[in-house]
Each structure stands twice: as C-alpha cells, then as structure tokens.
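Chemist: Can you look at this prediction? I've put the sequence above it.
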Amino acid sequence: MVAAQTPSPLKKARAAKAAAEKVFSDLLGNVAIGITRVGGVYGLKVNVVSAPSGSINMPTAVEGVPVQVEVTGVVKKRIGKAK
Amino acid sequence: MQLDDVRNLKALMLNPMMTAVASAVSIRSLGVRTQRLGNEADALRSMAIGITKSKQQHRLAVRVQRRSLLDHPMIERMRKRSKGEIDVRYVGRISKRETPGTLQKRRRPMVIGCSIGHFKITAGTLGCFVKTRSDQKIAILSNNHVLANENSAKKGDVILQPGNFDGGTNPAAAAATLLRFIKLKVTTSNLVDGAIAIPTPGLSFNRKKMGRFGSLEGLGPEFLDEGTGVRKVGRTTGEKKGRVTAFELDNVVVEYDIGNIRFDDQVEIEGAGTKAFSDGGDSGSLIVDNDNFGVALLFAGGDSGGSNGMGLTYANPLRIVLDALKIDLIF
C-alpha cells in the first residue's frame, strides 16, 4: 500500500487561497490574496485597503495555512502625477 | 591602523600596483575614481585603491573590476604590507548612475527607464525593448496606461520621449508610434497592463543598459519566490532595489481613470531599506532580479504597507506580458 503524499507547503498554500478569500471577504469586504512566507513557511497574504475594526476576530490560519493580514491602502496606477 | 599609516601605505603601493595589474589585464572599459599616475600614459581602471574605516580603525581599501584580480599576487603583497588591515572587494564594471534628472530628459539613444508616454498622458517609463514574434519588429514595452492611454489610443498614435509632463511635445519629441495593447477590462479580471510601440525609424536606443545595475541579461525564471531581490530603473524614482513580498496575488484592485480594475496573479514588491520601490511615473518599468534577468512589468502601487512603511508596488509577471503581447525580450 502506498501512503498518500503530503502536499508541499506551497501547494497547500495555493489550495487554501479560495477558502481564505471567502473567509476574509465575508469579514472585511474586498481583499487581495497572495502567497508569502509567514514565520518561515509558505502562507497567505491578505491585503486590505483600510484597517479592520478591532472587534473583528481575525483568523490566523485557513486550512492549516498561516495567514498574514496587511493594510495596503488604495492601489493606483503609477502614472506621472499631474502638477 | 592610524590614518597616516594607511595613507603612506596607499602611496607606497599605488605605483607598483598599477604596473603589475597593467601586465595582467587588457583594458576593456573605464571605471571611475581612479587617479592618473605620473608616468603612465593612461590611468588603468581595473583596480582602485583607497582608505576605508570601520570600528574606528582605518584600512586599505582595494576595489577590483575583474574577479581574476582577487587572486593577483599584488593583492597578497598589499595584504602582507598592511598586516591584514585590508578590505578587498570585487565591484565589477561601474556604470553611470541613472537619476530622475537624467531619465526625465530627452534621451538619444533612448534607454531603459527613461520618461515616455502617449501624447495625451503625463509620463510613464520605457520598460525595455522587445521583438514581435510574428514579424520580428523591434518595439518598446510599457503599460497600456502609458502608451495607449487606458484603451483610448489608436494604432499609430504618437508616443513622446520625454513624456508630455517632462516637456516632450509633438512632433519634436515624437519617438515611436503605438502598435498594440492588451485591453484593460473593467468588468472582469486582468493579468496584464501592457502595450508596445514601434520606435521612429533611425532613432537610436540602448537595449541593454540599466544604469549602474549593469546590463539586461535576458528573461528570468517563471517562478518568482517571496524574498527574491529585484531592482528597476524608473522615470520618477530612478534606480531602486527591493524584494518580492508576495506572488500569485489575486484580486488586486487598482484605481484607473476608467474605473477600478481587478488584476490576478500579480507580484508584490517592497523597497529596500527606507525607500519606496516606486512612485507615480514609474509605470512601465522593467523589473529584473539581482542577476539582471527580467521578471516583471511595474504598473501600480500604494503609499501604505511594506516592512518599511513606504508602500508596496505591483507588477505583472513578465512571461505573461510577453505571451499576451506576442513578443520576446531583446537584450
């Protein structure tokens, strides 16, 4: 009998993206979700435009994958600013 | 060592060093900050000697532009004479630094990082030079919002270098014409903010030079890991170093004039040290890894976030850009 292979940390992080998007968009509205390292292992980065309310209980992991939340502000095209 | 001792040693070593090195290498290029020697016909710039200081101690500083010189007998001789109080480093070829001041001017030949833009926009950055896959035409790569004014431009529209915001006017600064762009979609997800333009026939350009970072070496790997060191030359912030903070980033919502636009599969970058990696006007910059292989095309950013608090920059993975526009990098 062949033992089931454990998915690599990167595959695990990729697989958890959809679930994390659901969890965090329900809590915070629009979020961007990507892959980063959290505590030295592959995890998820959740970007929010503004700081969430202190009363929200934020998950620190989704499907066993660690999550880092960052406030990034509004993202704009990097065109030359008009005078 | 005391400062005077190091100065004396430097003076003592300078002439024999230059003579010894002159017999060991052929001069290919000139560096900077070497001094002309009394009886030498030309200053040799493959090795420089100076003074450095760390922890209140002065040491002899030797900088070589060829790795083979690290093992040169002259270095060993200097090491003995200085009793080990020597700091030897390979610095490679040294190029002139590109700054916002140089990049926002008229550049002929055009260079990677200089100001450019559709005649109706302010200014963005010339990313790099590419070749169309179908008919091998040389073209300039930048963003849709730099060369195609967010979908509103037509094929053949004039592209200015420098861009309008930097004093470029039509026809004096006409440098290229728009060839094609990837349409930005407001209602569905996007992967690329890209466009290409054909340089005006006869107009010169340098397809390799990236300021003091050296030369563009080619196309980088498909996978760009978190922590990868990157750099770029851009119209507004010039030469900047940074690191990848996230990849495969989905649902990045970016403010454009035509509305908020969503991007998937993006790369996120923070600036090194206390600096931002980019600012307004750097759109279109080619991002390379620390070996100068192209990895991404800069298009957006914000003023918050990053470990230094100076904001984050967003970029399209370069291979996706090249495939979408059916082009290849030239270098």
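Modeler: Sure, I can see it.

Chemist: switch to C-alpha atoms for all contacts and neighbour counts from now on
Modeler: Noted.

Chemist: Give the buried residues for the top strand by length along chain B.
Modeler: Looking across chain B with DSSP state E, the single longest strand is strand B:238-250. Within strand B:238-250, the residues that count as buried by 16 or more other Cα atoms under 10 Å in any protein chain shown are B:238-250.

Chemist: mind showing which ranges of the chain have poor pLDDT?
Modeler: Let's take chain A. A:1-5, A:82-83 (pLDDT under 70).

Chemist: oops, I was thinking of chain B
Modeler: B:17-45.

Chemist: And it, what are its domain boundaries?
Modeler: B:1-90, B:100-331 (automatic domain parsing).

Chemist: nearest to residue A:17, of those?
Modeler: domain B:100-331 (9.1 Å; Cα to Cα).

Chemist: ok, the closest one near chain A or not?
Modeler: Yes. Domain B:100-331 reaches chain A (Cα under 8 Å from any Cα of the partner chain) through B:122-124, B:145-146, B:165, B:226, B:236, B:245-256, B:265, B:278-283, B:299-306, B:311-312.

Chemist: now the end-to-end length of that domain.
Modeler: Start-to-end span of domain B:100-331 (Cα to Cα, to the nearest Å) is 23 Å.

Chemist: Setting aside sequence neighbours, what's the nearest residue to residue B:265?
Modeler: residue B:248 (4.1 Å; Cα to Cα, 6 or more residues apart in numbering or on different chains).

Chemist: pretty sure that neighbour contacts residue B:225?
Modeler: No. Using Cα atoms under 8 Å, residue B:248 is not in contact with residue B:225; the gap is 9.7 Å.

Chemist: Alongside chain B, which residues does chain A contribute?
Modeler: A:31-37, A:45, A:70-82.

Chemist: quick one, helices of chain B?
Modeler: B:3-24, B:73-81, B:100-103, B:144-147, B:318-325 (DSSP state H).

Chemist: Buried deepest among those, which one?
Modeler: Among these, the stretch with the highest mean neighbour count (mean count of other Cα atoms under 10 Å in any protein chain shown) is helix B:144-147, at a mean of 32.

Chemist: by contact count, what packs against that one?
Modeler: strand B:115-118, strand B:195-199 (3 or more Cα pairs under 8 Å, 6 or more residues apart in numbering or on different chains; DSSP states H and E).

Chemist: got a list of contacts for the longest strand of chain B?
Modeler: With contact meaning Cα atoms under 8 Å, 6 or more residues apart in numbering or on different chains, strand B:238-250 is reached by A:32-36, A:45, B:97-100, B:103, B:113, B:211-213, B:224-233, B:263-272, B:277-278.

Chemist: Please narrow those to those residing in strands.
Modeler: A:32-36, A:45, B:229-233, B:263, B:266-271.

Chemist: Straight-line length of stretch B:215-224, end to end?
Modeler: Across stretch B:215-224, first to last residue, Cα to Cα, it's 20 Å.

Chemist: do the same with stretch B:269-279
Modeler: Terminal-residue distance, stretch B:269-279 (Cα to Cα): 12 Å.

Chemist: Name the surrounding residues that touch that stretch.
Modeler: Counting by Cα under 8 Å, 6+ apart, A:78, B:234, B:236-237, B:240-246, B:301, B:306-308, B:310-314 sit against stretch B:269-279.

Chemist: centre of the chain versus it, how much separation?
Modeler: Centre-to-centre, stretch B:269-279 and its host chain are 14 Å apart (Cα atoms, centre = their mean, to the nearest Å).

Chemist: before we move on, what about stretch A:24-39?
Modeler: For stretch A:24-39, the distance to the chain centre is 3 Å (Cα atoms, centre = their mean).

Chemist: Output stretch B:289-308 in CSV, but only the C-alpha positions, please.
Modeler: Taking Å, rounded to 0.1, in the frame of the first residue of the first chain, the C-alpha atoms of stretch B:289-308 are listed here in CSV:
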residue,chain,number,x,y,z
ASP,B,289,16.2,40.1,-10.5
ASN,B,290,19.6,40.6,-8.9
ASP,B,291,21.3,38.9,-11.9
ASN,B,292,19.6,41.4,-14.3
PHE,B,293,17.1,38.9,-15.8
GLY,B,294,13.7,40.4,-16.5
VAL,B,295,10.9,39.2,-14.2
ALA,B,296,8.0,41.7,-14.1
LEU,B,297,6.5,44.8,-15.5
LEU,B,298,5.7,47.5,-12.9
PHE,B,299,2.2,49.1,-13.2
ALA,B,300,0.7,50.1,-9.8
GLY,B,301,1.4,50.9,-6.2
GLY,B,302,0.3,52.4,-3.0
ASP,B,303,1.7,54.5,-0.2
SER,B,304,0.9,52.2,2.7
GLY,B,305,2.3,48.8,3.7
GLY,B,306,5.7,47.1,3.4
SER,B,307,8.0,46.4,6.3
ASN,B,308,9.5,49.9,6.0
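
Chemist: Now find how far off-centre it is within its chain.
Modeler: 12 Å.

Chemist: buried sites along that stretch?
Modeler: B:289-306.

Chemist: got a list of what residue B:228 touches?
Modeler: With Cα under 8 Å, 6+ apart, residue B:228 has these contacts: B:243-244, B:289.

Chemist: switch the cut-off to 7 Å
Modeler: Residue B:228 makes contacts with B:243-244, as judged by Cα atoms under 7 Å, 6 or more residues apart in numbering or on different chains.
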